[in-house]
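Peer 1: Sharing a sequence plus its predicted fold:
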Amino acid sequence: MIDATRILPVVLAVVVLLPMVWLPRQFSFATGALWLGFGWLATILVTALLHRAIGSTAEDDDDS
């Protein structure tokens, strides 16, 4: 899971930016800004969930 937290931001950046490169007219101005904002928010939320899962797993290992 630790490797996933390292790779995830790169993967999500590609997922967010690739459609903007392929379809520039679809993602111009406000639509592009919203797309980037939601992509950034999704990256933060997913990374936070992974860190929380790693933290709870580490705490469980310490209790044993």
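Peer 2: Right, received. Where do you want to start? Numbers count the residues shown, from 1 in each chain.

Peer 1: Which residue is the nearest non-sequential neighbour of the residue most central in space within the chain?
Peer 2: Centroid-nearest residue in the chain, with Cα atoms, centre = their mean: T43, separated by 2.2 Å. Leaving out its chain neighbours, the residue that sits closest to T43 by Cβ to Cβ, 6 or more residues apart in numbering is L12, at 4.5 Å. From N, CA and C alone the C-beta is placed, and that goes for glycine too.

Peer 1: Let me know whether that neighbour touches F38 as I believe.
Peer 2: No - judged on Cβ atoms under 8 Å, L12 makes no contact with F38 at a distance of 11.0 Å.

Peer 1: Tell me which of these two has more neighbours.
Peer 2: Between L12 and F38, L12 has the larger neighbour count (other Cβ atoms under 10 Å), namely 17 against 11.

Peer 1: For that one, report the pLDDT, please.
Peer 2: L12 is assigned 88 on the pLDDT scale.

Peer 1: Secondary structure element holding it?
Peer 2: Using DSSP states H and E, L12 maps to helix 2-22.

Peer 1: could you say what helices and strands the longest helix that the chain contains packs with?
Peer 2: Counting residues, the longest helix found in the chain (DSSP state H) is helix 30-63. Contact here means 3 or more Cβ pairs under 8 Å, 6 or more residues apart in numbering; DSSP states H and E; on that basis helix 30-63 packs against helix 2-22.

Peer 1: elements contacting the helix it packs on?
Peer 2: Short answer (3+ Cβ pairs under 8 Å, 6+ apart): helix 2-22 packs on helix 30-63.
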